[in-house]
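1. with the sequence up front, the predicted model follows.
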Amino acid sequence: MPARFGGLEFSVPQQIDLLLEIARGCGSTGWVCEGRITGAWVIRLFPDQAREEVYAGGTARVSGGFTPSVGTLVPTEGDYLLDGTWHFTTGCHGADWNLTATNLLHHLAGPGRTPAHPDPSSRRRPRAARRPGRPPTAPRRRRTEPAPPHERAELRGQGGYAVQLAKEATHTLFTASGASAIQRSLPTQRFFHDVQGISTHAMMTPDANLEV
């Protein structure tokens, strides 16, 4: 979160170091914290009015995900009408705001109805905030310039390979622990459960990422 709103404004390496320490104690908690950090960063890309509203309380508990949905966003008199359903997103139960992806339907707005603060970058699939993650070294670029396809593919592949190694290691540990490993009182079953869960995530699954 930006320093002017009370945040620490950590660099990416600092954020990774922090998340690694949290995940060392609990992988699930580390995953949720990564989602919150990502959500708070995405808010920085919004117009000033949105940033001030979300960051106003000095904390930014933002969850979110951009999975397909049946939601719609229709411009009304000076505002938007958001309607639809969305899938579960990590950290949503304790979040103050949630990021969702939807379709902006200008043709349903009616004559003379335009939003008071339109965001030009959100014409096709706006990411609407509402209440309820070391990369390889690369050439420096402008903050608004997206990474080229080959860099994104490399990151996806490295992420998938890391998850595959973790999956193999926890499977070996779980198998060697005997039948007692399934007891809820033992951390072994939690390690196995967490890694199996993250390995099926759309951005983490080894099968798809290693093909990219």
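-> Perfect, I can see it now.
2. where does the chain have low pLDDT?
-> Applying pLDDT under 70 to the chain picks out residues 66-69, 107-144.
3. strands along the chain, start to end?
-> 62-64, 72-76, 79-83, 97-101, 103-104, 127-130 (DSSP state E).
4. adjacent strands (with direction) for the fourth one?
-> What that stands for is strand 97-101. strand 62-64 (parallel), strand 127-130 (antiparallel) (DSSP bridges).
5. hey, where'd the helices end up in the protein?
-> 12-25, 27-43, 48-55, 149-176, 187-198, 206-211 (DSSP state H).
6. which parts of the second one are buried?
-> Within helix 27-43, the residues that qualify as buried by neighbour count (16 or more other CB atoms under 10 Å) are 27, 30-40, 42-43. To be clear about C-beta, it is placed using only N, CA and C from the backbone, and glycine gets the same treatment.
7. repeat for the last one
-> Of the residues in helix 206-211, those with enough neighbours to count as buried (16+ other CB under 10 Å) are 206, 209.
8. now do the fifth one
-> For helix 187-198, the neighbour count (16+ other CB under 10 Å) marks 188-189, 191-192, 194-195, 198 as buried.
9. any idea how far the residue minimising distance to the centre of the chain is from G64?
-> Geometric centre of the chain, nearest residue: G35, 4.4 Å, by CA atoms, centre = their mean. Noted for G35: a distance of 8 Å to G64, by CB to CB, to the nearest Å.
10. shared neighbours of those two, which are they?
-> When contacts are counted by CB atoms under 8 Å, 6 or more residues apart in numbering, G35 and G64 have T89 as shared neighbours.
11. quick one, phi/psi of the residue lying closest to the residue nearest to the centre of the chain once chain neighbours are set aside?
-> Spatially, and ignoring its direct neighbours in sequence, G35 is nearest to T90 (4.2 Å; CB to CB, 6 or more residues apart in numbering). Here the main-chain torsion angles of T90 (degrees, to the nearest 10) amount to phi -60, psi 130.
12. wait, doesn't T90 sit right on S63?
-> Yes. Using CB atoms under 8 Å as the test, T90 is close enough to S63 to be in contact (6.2 Å).
13. quick revisit: need the helices of the chain in JSON lines (columns: distance to T100).
-> Formatted as JSON lines, the helices of the chain follow (distance: least, CB to CB, whole Å):
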{"stretch": "helix 12-25", "distance to T100": "23"}
{"stretch": "helix 27-43", "distance to T100": "11"}
{"stretch": "helix 48-55", "distance to T100": "14"}
{"stretch": "helix 149-176", "distance to T100": "23"}
{"stretch": "helix 187-198", "distance to T100": "22"}
{"stretch": "helix 206-211", "distance to T100": "23"}
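14. so which of these comes closest to G94?
-> helix 27-43 (8.3 Å; CB to CB).
15. compute the inter-axis angle for that closest one and helix 48-55.
-> Angle of helix 27-43 versus helix 48-55, following axes from the mean of the first three to the mean of the last three CA atoms, to 10 degrees, is 150 degrees.
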